[in-house]
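Q: Predicted coordinates and the sequence they were generated for:
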Amino acid sequence: MEKDLGNYRRSYEKGALLIEDTPENPMELFQKWFYEVDMHFPEDETNAMTVSTIGLDTYPKSRVVLLKKYTYEGFIFYTNYNSEKGKAIAHNPKVCLSFFWHGAERQIIIKGKAEKIASNLSDGYFESRPRGSQLGALASNQSEVIESRAYLESKLKNLELDFEGKEIQRPEFWGGFLVKPVEIEFWQGRANRLHDRIRYTLDKEYFWVKNRLSP
């Protein structure tokens, strides 16, 4: 099977990113962009991000997860610590996060190191989840081979019966990761493929240094 995608292209003309208009701290620009996309482009799932890790097999792997919180310290998402991504992070905490908001013609790429957040913070978020999501975390041995969809649904049904009328505690194998950034690049699509790219890099003194990159 062969399909030529050479004519798949579009012109990006919705915005500009000038280095003189950017703040000294990249998290302030992230917050601004996140707010703008969330307000003006509801078709985008604003907090959907790609997490890339280096697996135990030495291959990189990317998958989409949901950002659940961001602060000046970094970016928080939740997962099964025994999953493929959880094991990869335990082996090599250097990860890459990326957001692509096609409506705004914007992309953000973040390099950083991931670490588990405090247990009480994971507890608090787990308690806020819908009951079905709590049970789903218990039902799924994430990334492991299973015999069928029916097996998974049966396991969930049994858990619903076991926990009927009971509080569901967060399992120890499930919780949050905080990704502390060391580099954040902001990309704004422009006409004629002359895109704007501003990269912030954390120096040895923990100050952010920003540069414009060639597209």
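A: That came through fine. Numbers count the residues shown, from 1 in each chain.

Q: mind listing what the residue positioned nearest the centre of the chain touches?
A: In the chain, the centroid-proximal residue (Cα atoms, centre = their mean) is residue 49; its distance is 3.6 Å. Residue 49 makes contact with 64-67, 75, 77, 97-99, according to Cβ atoms under 8 Å, 6 or more residues apart in numbering. C-betas here are computed from N, CA, C, even on glycine.

Q: Neighbour-wise, give me the winner out of the residues you listed.
A: residue 75 (26 neighbours; other Cβ atoms under 10 Å).

Q: quick one: the strands in this structure?
A: Using DSSP state E, the strands of the chain run over 48-54, 60-66, 69-70, 75-80, 94-101, 106-116, 174-188, 196-202, 208-213.

Q: The residue nearest to the centre of the chain and residue 132: what is the separation?
A: According to Cβ to Cβ, to the nearest Å, residue 49 stands 23 Å off from residue 132.

Q: likewise residue 213?
A: 44 Å.

Q: try residue 166
A: Distance of residue 166 to residue 132, computed by Cβ to Cβ: 15 Å.

Q: quick one: which of the two has more around it?
A: For residue 166 and residue 132, the more surrounded residue by other Cβ under 10 Å is residue 132, and the numbers stand at 11 against 7.

Q: Which among the strands of the chain is found nearest to residue 140?
A: Residue 140 lies closest, by Cβ to Cβ, to one member of the strands of the chain: strand 75-80, at 7.0 Å.

Q: got the contact list for residue 198?
A: 17, 19, 22, 185-186, 210-213.

Q: For the residues you listed, which single residue is the most surrounded?
A: Ranked by the number of neighbours (other Cβ under 10 Å), the contacts of residue 198 place residue 186 first, at 21 neighbours.

Q: May I see the buried residues of stretch 201-215?
A: 201-202, 208, 210 (16 or more other Cβ atoms under 10 Å).

Q: shaky segments in this protein?
A: For the chain, no stretch is flagged by pLDDT under 70.

Q: Excluding chain neighbours, what is closest to residue 84?
A: Setting aside the residues directly before and after it, residue 84 is nearest to residue 143 in space (Cβ to Cβ, 6 or more residues apart in numbering), at 4.1 Å.

Q: Now for the one you found: which residues touch it?
A: 80, 82-85.

Q: So which of these are in helices?
A: 84-85 (DSSP state H).

Q: ok, what's across the strand from the closest residue to residue 177 other than its chain neighbours?
A: Nearest residue to residue 177 in three dimensions, chain neighbours excluded: residue 114, at 4.6 Å (Cβ to Cβ, 6+ apart). Beta bridges link residue 114 to residue 179, judged by DSSP bridges.
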